[in-house]
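Asks: Need a 3D model of the following:
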Amino acid sequence: MEALIPVLNKLQDVFSTVGSDTIQLPQIVVVGTQSSGKSSVLESLVGRDFLPRGAGIVTRRPLVLQLVHVSPQDKSRMVGEEGVPRDAEEWGKFLHAKGKVYTDFQEIRREIENETDRISGTNKGISHDPIHLRIFSPQVVTLTCVDLPGITKVPVGDQPEDIETQIRDIVLRYISNPNSIILAVTAANTDLATSEALKMAKEADPEGRRTLAVLTKLDLMDQGTDAVDVLLGRVIPVKLGIIGLVNRSQLDIKNNKPIDEAVKDEASFLQKRYPSLASRNGTPYLAKTLNRLLMHHIRECLPELKTRVNVLASQFQSLLNSFGEPIEDKMEMEMERRGLGDVGVNVERPDCGKLLLQIITKFASAYCCTIEGTSKNIETTELCGGARICYIFHETFSKALESVGPLEGLTTLDILTAIRNATGPRPALFVPEVSFELLVKRQIKRLEEPGLRCVELVHEELQRIIQYCGTQQEMLRFPKLHERIVDVVTTLLRKRLPVTNCMVENLVCIELAYINTKHPDFTEVQLIHKTLTEPLEDFKKKEQRTDIKEGRPSSAAPSDGWRNKPLAIDGLSGSAFNAGPYPTPLGSPQNTPHGMLQRGVNLLPEVPTQTPIKKLSPKEQRDCDVIERLIKSYFLIVRKNIQDSVPKAIMHFLVNNVRDNLQSELVSALYKTVEFELLLSESPHIAARRKEASEMLQALQRASQIIGEVRETHLW
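Replies: Numbers count the residues shown, from 1 in each chain. Purely as a prediction, here's the structure:
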């Protein structure tokens with residue numbers, strides 16, 4: 001099982017190079033408040049003084065510390081392969097300083113300080129970007145630990161006001177990893193019930209299955225008190241146990257007291273103060289416990305980790321394939337294959353032409369499939385393509401037509417006026433057809449606007465499909481090509497729009513050109529004809545009943561001498577029909593009041609622009625009803641025709657025409673050798689994503705290889 005931790009260290013190095021948190025590896029995370037002794041614990045495990053020291057917050061970036069136990073055989077191999085000095089007993093390596101070996105631990109401390117200042121600044125700022133350090137020594141137990149910034153409450157220096165929240169987020173980011181072991185460090189001279197480290201550990205690990213508590217500074221407890229109850233878990237139980245340590249004092253650190261002497265003093269203190277617990281506390285016991293816990297944890301996580309790595313490798317392989325190969329690389333390979341690498345000639349690029357035709361064909365196919373509803377990626381959140389066009393035809397357009405009423409905007413007075421205007425100076429015996437045609441054409445003309453609006457909506461949807469098909473990977477990869485494709489399709493749609501509008505207008509004009517009163521569905525004419533041919537006696541009887549009902553003298557029995565009596569019109573003495581054969585002129589002296597003629601006043605009343613509103617006679621009412629019924633019947637026939645013919649015209653002149661000619665238009669406009677390089681210039685964003693995906697795929701393949709090297713015997 002000792003071989004498992006080196007495997008984990010290799011995996012950490014692999015994924016650190018790509019800066020990915022996709023794979024959550026097993027590791028020990030050290031958590032504690034500021035100045036609780038976290039760094040001292042790590043230095044005790046290493047046996048060397050190498051971490052930055054000082055007042056206040058010192059650890060300002062996560063430090064991933066990999067301890068590697070080196071045997072003499074391993075050392076001789078590393079001296080030859082990795083450039084380690086022969087006289088070096090212990091050495092360290094930083095991941096950011098590749099190839100450089102640090103044998104002086106004071107130099108390691110300075111490098112940690114410099115790297116921290118480089119990212120976090122020089123005035124107490126913090127960063128979540130980790131530092132990776134590997135220490136090789138025959139004195140250490142193979143471990144992987146993460147030292148995190150100490151939990152603090154009050155900002156100092158250039159620290160932001162939310163420094164507590166920032167540190168808390170960094171800590172939770174690491175301890176929330178279900179594959180991590182939480183090392184909660186608390187000073188013994190504080191109340192364990194107030195431990196921030198245990199509180200955060202409980203948030204991330206409610207069951208306590210991966211939390212180990214460490215009680216530091218046992219020698220600084222108040223006189224007369226001890227930590228027996230705490231160490232035995234009687235105060236706050238911790239499943240993995242509580243281990244007590246004695247750290248070096250600040251004076252010991254200033255005097256450069258060696259850590260091995262400090263470990264000996266720690267053992268003496270434990271034997272003196274806690275003799276029954278001395279064997280289960282102290283730095284050596286902590287190192288062995290952490291090593292054992294980490295190995296068992298790796299053993300539990302490794303099968304799931306292997307599956308996770310393989311799944312991610314497959315996903316990133318698919319992602320990399322979707323980005324395609326870089327165009328430049330393909331050009332170089334083609335020229336090398338032809339032996340033209342050193343010839344300064346302009347070589348036609350067949351791969352570019354082939355790729356361009358493939359993209360054009362794929363776009364045109366996707367566009368047509370979206371219209372036909374046969375697209376592979378069917379939208380489930382909203383209507384699009386052909387389904388939306390169908391909705392426009394049968395819902396939006398139909399409702400718009402239905403909202404146009406047959407008699408909307410027409411009043412009885414309008415109809416009566418039209419009838420009177422159509423008769424001219426002669427009173428009409430029958431309803432004039434001209435009035436019907438004039439009025440029904442006026443109503444039919446109102447159907448043109450919904451038809452044109454329907455064309456506009458379908459045009460907008462065809463334009464919208466361009467953006468829907470433009471989300472393909474090829475369109476994102478080549479933005480210049482995408483722009484040109486959008487321009488070509490937009491131009492094609494714009495070219496077809498006037499033709500379609502003209503056809504819709506013509507459909508309405510066709511209906512206006514000839515009012516077919518012999519239309520098979522125009523049955524209302526027969527009913528009205530029957531009404532008009534009723535016997536005259538029926539009308540006379542109806543009029544008599546109406547006059548009697550309203551208390552007027554019966555028109556069937558006029559009073560004697562009515563022909564010889566003038567009728568009073570507007571208070572003036574006059575008559576529409578004079579008793580004599582020739583009527584007396586209205587301007588003659590005998591009919592004109594004295595003095596009127598001299599003033600030259602016209603006694604005729606003004607001709608009304610509109611018929612005065614009054615009760616209609618039965619004949620007028622009947623004529624208006626006839627016209628209304630005719631208009632309504634014929635209008636519904638025309639509306640039905642328009643509702644059927646407009647969608648057909650739009651499909652033929654706009655939708656089908658664009659669908660059939662799209663690919664040929666794209667090829668003729670875009671397939672030009674001189675424009676290949678411009679159109680197929682790749683987006684920098686896609687190139688960067690391809691590079692990231694390629695690096696991640698290589699890391700996952702390397703990780704899979706490393707995990708595959710672990711023999712089954714290592715797991716048990």
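Asks: Low-confidence bits of the stretch 451-600 of the chain, can you list those?
Replies: Along the stretch 451-600 of the chain, the parts satisfying pLDDT under 70 run over 470-475, 525-600.
Asks: do the same with the stretch 1-150 of the chain
Replies: 1-5, 8-9, 12-23, 54-57, 79-83, 123-124.
Asks: Strands of that one, start to end?
Replies: 27-32, 63-69, 91-94, 131-137, 143-147 (DSSP state E, counting those that start in this stretch).
Asks: How about A227: what's its closest non-neighbour residue?
Replies: Nearest residue to A227, sequence neighbours excluded (C-beta to C-beta, 6 or more residues apart in numbering): A188, at 5.3 Å. For the C-beta atoms, the positions are set from N, CA and C on the backbone; glycine is no exception.
Asks: In this structure that neighbour contacts V228, no?
Replies: No: between A188 and V228 there is no contact under C-beta atoms under 8 Å: 11.4 Å.
Asks: Where does the prediction get shaky in the stretch 601-716 of the chain?
Replies: In the stretch 601-716 of the chain (pLDDT under 70), the answer is 601-614, 710-716.
Asks: in it, which spans are helices?
Replies: 618-650, 656-670, 676-679, 684-708 (DSSP state H, counting those that start in this stretch).
Asks: Likewise for the stretch 401-550 of the chain?
Replies: 412-423, 433-445, 448-469, 473-477, 479-513, 524-532, 536-550.
Asks: what's the angle from the fifth one to helix 656-670?
Replies: Read that as helix 479-513. Helix 479-513 runs at 150 degrees relative to helix 656-670, counting by axes from the mean of the first three to the mean of the last three C-alpha atoms, to 10 degrees.
Asks: Packing partners of helix 479-513?
Replies: Under the contact definition 3 or more C-beta pairs under 8 Å, 6 or more residues apart in numbering; DSSP states H and E, helix 479-513 sits against helix 350-372, helix 433-445, helix 448-469, helix 473-477, helix 618-650, helix 656-670, helix 676-679.
Asks: Ok, the third one next?
Replies: The elements that helix 448-469 packs onto, with contact taken as 3+ C-beta pairs under 8 Å, 6+ apart, are helix 350-372, helix 386-391, helix 398-402, helix 479-513, helix 618-650.
Asks: Reformat these as JSON lines; add mean neighbour count and distance to S664.
Replies: Output for the helices and strands packed on helix 448-469, formatted as JSON lines (neighbours: other C-beta atoms under 10 Å; distance: least, C-beta to C-beta, whole Å):
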{"stretch": "helix 350-372", "mean neighbour count": "18", "distance to S664": "9"}
{"stretch": "helix 386-391", "mean neighbour count": "18", "distance to S664": "21"}
{"stretch": "helix 398-402", "mean neighbour count": "14", "distance to S664": "34"}
{"stretch": "helix 479-513", "mean neighbour count": "17", "distance to S664": "10"}
{"stretch": "helix 618-650", "mean neighbour count": "19", "distance to S664": "21"}
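Asks: Specify the stretch among those that is closest to Y102.
Replies: helix 479-513 (46.7 Å; C-beta to C-beta).
Asks: by how many degrees do that closest one and helix 618-650 diverge?
Replies: 150 degrees.
Asks: Off-centre distance for helix 479-513?
Replies: Chain-centre distance of helix 479-513: 30 Å, with C-alpha atoms, centre = their mean, to the nearest Å.
Asks: same deal with stretch 234-245?
Replies: Worked out by C-alpha atoms, centre = their mean, stretch 234-245 lies 49 Å from the chain centre.
Asks: who's in contact with that stretch?
Replies: Outside stretch 234-245, the residues that touch it by C-beta atoms under 8 Å, 6 or more residues apart in numbering are 37, 41, 44, 181, 184, 188, 192-193, 195, 198, 207-218, 227, 229-233, 266, 270, 274, 277, 280-283, 285-286, 289, 293.
Asks: that older thread, out of the helices of the stretch 401-550 of the chain, which gets nearest to S704?
Replies: helix 473-477 (25.8 Å).
Asks: Relative to G385, how far out is the residue nearest to L654 when sequence neighbours are not counted?
Replies: Spatial nearest neighbour of L654, excluding adjacent residues (C-beta to C-beta, 6+ apart): T500 at 4.4 Å. Distance from T500 to G385, counting by C-beta to C-beta, to the nearest Å: 18 Å.
Asks: ok now do Q663, which residues does it touch?
Replies: Counted by C-beta under 8 Å, 6+ apart, Q663 has contacts 360-361, 364.
Asks: Please dump the residues you listed into a markdown table; it should also carry distance to I259 for every row.
Replies: A markdown table is the format used below for those (distance: C-beta to C-beta, whole Å):
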| residue | distance to I259 |
| --- | --- |
| I360 | 70 |
| T361 | 71 |
| A364 | 73 |
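Asks: just curious, which of the residues you listed is nearest to P684?
Replies: Using C-beta to C-beta, the contacts of Q663 come closest to P684 at I360, 23.2 Å.
Asks: quick revisit: name only those of the contacts of stretch 234-245 that count as buried.
Replies: 37, 41, 44, 181, 184, 188, 192, 195, 198, 208, 210-218, 227, 230-231, 266, 270, 274, 277, 280-283, 285-286, 289, 293 (16 or more other C-beta atoms under 10 Å).
Asks: Just the ones of the residues you listed in strands?
Replies: 181, 184, 211-216 (DSSP state E).
Asks: Where does P178 sit: helix, strand or coil?
Replies: coil (DSSP: H, G, I helix; E, B strand; the rest coil).
Asks: just P303 next, same as before
Replies: helix.
Asks: From Q106, how far off is the nearest residue to T283 once chain neighbours are set aside?
Replies: Spatial nearest neighbour of T283, excluding adjacent residues (C-beta to C-beta, 6+ apart): S44 at 4.2 Å. From S44 across to Q106, the span is 18 Å (C-beta to C-beta).
Asks: from the strands of the stretch 1-150 of the chain, which stretch is densest packed?
Replies: strand 27-32 (a mean of 26; mean count of other C-beta atoms under 10 Å).
Asks: so what's the nearest residue to V499 once chain neighbours are set aside up against?
Replies: Nearest non-adjacent residue to V499, counting by C-beta to C-beta, 6+ apart: F653, 5.4 Å away. The contact partners of F653, taken as C-beta under 8 Å, 6+ apart, are 496, 499-500, 503.
Asks: mind redoing it with 6 Å?
Replies: By C-beta atoms under 6 Å, 6 or more residues apart in numbering, F653 lies in contact with 499-500, 503.
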